[in-house]
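Engineer: Below is the sequence, then the predicted model.
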Amino acid sequence: MSNLSEKLYISTIADNAAELANEYGLGLEVAEFCTADNMDIDFEKWDALVYEKMRGISRFTFHAPYNELCPAALDPLVVEIAKKRYAQAHALMCGYGIKAMIAHSGFVPMLYHESWFEEKSVVFWKEFMSDKPADFRLYLENMLEPSPRMLCDIVNAVNDKRFRLCLDIGHAAYMGAGTPIKTWVEHTLPYLGHVHIHNNYCERDSHNALDDGRIDVRSVIRRILETVPNVTFTIESIDAKASVKRLKGSELLP
């Protein structure tokens with residue numbers, strides 16, 4: 001089983017993410033533009049902050065905006081907003097020299113019928129991927145989905161090796177209460193490109209440190225690395241330092 005050393009990133013939702021990435025030789029996931037209007041309002045401030053955090057680090061992923069964005073929305077004008085924001089995000093990440101983007105699916109339970117959502121998502125993402133370079137990667141992340149089936153079906157139907165899943169195990173544990181985390185892992189393995197790791201107690205999406213919750217995070221990591229060794233991971237914990245320390249010195253992060 002390969003270790004995490006060259007596959008692990010830290011999300012900048014942690015204030016000390018850049019410091020930790022430099023200290024431990026890890027990558028950085030840029031999350032400053034999860035809120036779309038940071039690309040418009042006070043952009044110079046956010047842009048300078050990102051460049052400062054990137055200093056001395058060589059590996060990056062980019063988290064696209066997600067608030068109110070839905071590629072499979074019922075209203076075509078809402079779909080147009082999603083297209084605009086993802087195009088902005090792609091141009092921005094290219095400016096930073098980043099080649100991998102994480103995007104939420106936009107699914108909301110009880111609002112979208114799954115078959116409709118799946119069909120419209122496939123159309124959207126095929127179009128989005130059609131003009132992207134060969135080395136671009138997009139990872140579709142679960143957030144409010146109760147099970148992995150729909151996102152697996154979307155990735156399978158898009159049928160593009162550059163378009164894979166980002167399994168967020170914290171979201172899966174919180175939203176998929178009736179679907180064990182083991183089921184999420186086993187169903188998504190054939191489609192995985194990236195994984196967000198954090199923990200919670202299934203009461204809220206708290207983004208705890210890796211050992212602070214009900215998920216056996218290290219077992220999840222081991223299972224994924226055994227089966228899909230090229231998958232990358234991001235620690236998406238508020239307390240990233242505690243998470244790195246838990247992994248450091250283990251067989252996962254020597």
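Structural biologist: Received the coordinates, thanks.
Engineer: can you map out the strands along the chain?
Structural biologist: Secondary structure of the chain by DSSP state E: the strands cover 8-11, 27-30, 60-63, 100-104, 137-141, 163-168, 192-197, 232-235.
Engineer: Turn these into JSON lines, including mean neighbour count, distance to residue 149 and mean pLDDT.
Structural biologist: From N, CA and C alone the C-beta is placed, and that goes for glycine too. Listed next are the strands of the chain as JSON lines, based on neighbours: other Cβ atoms under 10 Å; distance: least, Cβ to Cβ, whole Å; pLDDT from 0 to 100:
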{"stretch": "strand 8-11", "mean neighbour count": "25", "distance to residue 149": "26", "mean pLDDT": "98"}
{"stretch": "strand 27-30", "mean neighbour count": "24", "distance to residue 149": "26", "mean pLDDT": "98"}
{"stretch": "strand 60-63", "mean neighbour count": "23", "distance to residue 149": "24", "mean pLDDT": "98"}
{"stretch": "strand 100-104", "mean neighbour count": "24", "distance to residue 149": "17", "mean pLDDT": "98"}
{"stretch": "strand 137-141", "mean neighbour count": "23", "distance to residue 149": "13", "mean pLDDT": "98"}
{"stretch": "strand 163-168", "mean neighbour count": "26", "distance to residue 149": "12", "mean pLDDT": "98"}
{"stretch": "strand 192-197", "mean neighbour count": "24", "distance to residue 149": "15", "mean pLDDT": "98"}
{"stretch": "strand 232-235", "mean neighbour count": "27", "distance to residue 149": "23", "mean pLDDT": "98"}
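Engineer: mind listing what residue 172 touches?
Structural biologist: Taking Cβ atoms under 8 Å, 6 or more residues apart in numbering as the definition of contact, the neighbours of residue 172 are 142, 148, 179, 181, 184.
Engineer: Can you flag which of the residues you listed belong to helices?
Structural biologist: 181, 184 (DSSP state H).
Engineer: Show me which of the contacts of residue 172 is closest to residue 93.
Structural biologist: Sorting the contacts of residue 172 by distance to residue 93 puts residue 142 at the head of the list, at 21.0 Å, by Cβ to Cβ.
Engineer: The closest one: how many residues sit nearby?
Structural biologist: Under the neighbour criterion other Cβ atoms under 10 Å, residue 142 is assigned a count of 26.
Engineer: repeat for residue 203
Structural biologist: Residues contacting residue 203 under the criterion other Cβ under 10 Å number 9.
Engineer: Pick the one among the contacts of residue 172 closest to residue 203.
Structural biologist: Using Cβ to Cβ, residue 181 is the member of the contacts of residue 172 that lies nearest residue 203, at 15.4 Å.
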